[in-house]
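>>> Structure of the sequence below:
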Amino acid sequence: MVFTLAAISSLLVIAIIVAISSYYEYHGFGLQVGVFRHGAGQKRRLAALTFDDGPSAAYTPAILDILAAKNVKATFFLTGQMAAKHTDIARRVTAEGHEVGNHTYSHVNMIFLKAAALADEIDRGHQAVLDATGIKPVLFRPPRGLFNNTVRQALLARGYRIVLWSVSAADWSVLSAPMIAWRVRHFVRPGAVILFHDGGALVNNAGGKRDKTVAVLSGLIDYLHAKGYTLVTAGELVDSH
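Next comes the predicted model:
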């Protein structure tokens, strides 16, 4: 069997993700200037819920319903392709007071891109989110959290704040819903940026099942509130840094 460079790269990324999946505060690669994984938040016990890879017709509306019922604002890192495909849902995200960020146009691994392709993924993603929502994104999350200094400099030159996470729910994995909930409860700390997914897939940019995310979200919000957490957007949390 002959493997292409793209296939080998994807397998390498999957191996990295599996290797770090049990680690809750993900640091990424390269220099960290301009990169945020958490906020300060200790005095007010702040935390932020974030959702990657959407919007998705299958899961984002259900997540928005839960957030509305709990009166919680979150941050959605949208891929440009999905924002353009589901403009009505993307517009609902911002209409209901949630924050949006850029997650590239096609959910590509940025560290393998040459300069022109890198700029295209950032800028097309930016424009697609702006066109869909009317909001100019100022936060950026690299797909799978993977970046290098070239990616970081390209984003900072465009005025982006790069937001990773300090708690991964690992809702993309084979973990059961109770284990996903346990991860968040176990690893959450004041200032946490909590990573969920409302779309995407492990390798592709769509098709993953996020039923478990929907199943655990309401109970986790109740848990966090009971522990004294105020849930804010990632931008608000970064501002508390």
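>>> Next up, the contacts around the residue most central in space within the chain.
Centroid-nearest residue in the chain, with Cα atoms, centre = their mean: residue 52, separated by 3.4 Å. Each residue near residue 52 by Cβ atoms under 8 Å, 6 or more residues apart in numbering is listed here: 77, 103, 141, 143, 195, 196, 197, 198, 199, 200. For glycine as for every other residue, the C-beta is placed from the backbone atoms N, C-alpha and C.
>>> Let's see that with 7 Å instead.
77, 103, 141, 195, 197, 200 (Cβ atoms under 7 Å, 6 or more residues apart in numbering).
>>> per-residue pLDDT, the residue nearest to the second one when sequence neighbours are not counted?
Leaving aside its chain neighbours, residue 103 sits nearest to residue 77 (4.0 Å; criterion: Cβ to Cβ, 6 or more residues apart in numbering). For residue 77, the pLDDT comes out at 98.
>>> circling back to that earlier point, can you say which of the contacts of residue 52 are buried?
Listed as buried from the contacts of residue 52 are 77, 103, 141, 195, 197, 200; burial here means 16 or more other Cβ atoms under 10 Å.
>>> Now do the end-to-end distance for stretch 70-90.
20 Å (Cα to Cα, to the nearest Å).
>>> Next, the buried residues of that stretch.
Applying 16+ other Cβ under 10 Å to stretch 70-90 flags 70, 72-86, 89-90 as buried.
>>> how far out from the middle of the chain is it?
Relative to the chain's own centre, stretch 70-90 is displaced by 11 Å; criterion: Cα atoms, centre = their mean, to the nearest Å.
>>> Identify the residues contacting stretch 107-115?
Applying Cβ under 7 Å, 6+ apart, the contact partners of stretch 107-115 are 9, 13, 53, 79, 104, 118, 121, 142-144, 146-148, 151, 200, 205.
>>> Show the end-to-end separation of it, please.
Using Cα to Cα, first and last residues of stretch 107-115 are 16 Å apart.
>>> Please work out the average pLDDT along that stretch.
On average, stretch 107-115 scores 95.
>>> This completes my enquiry, with thanks.
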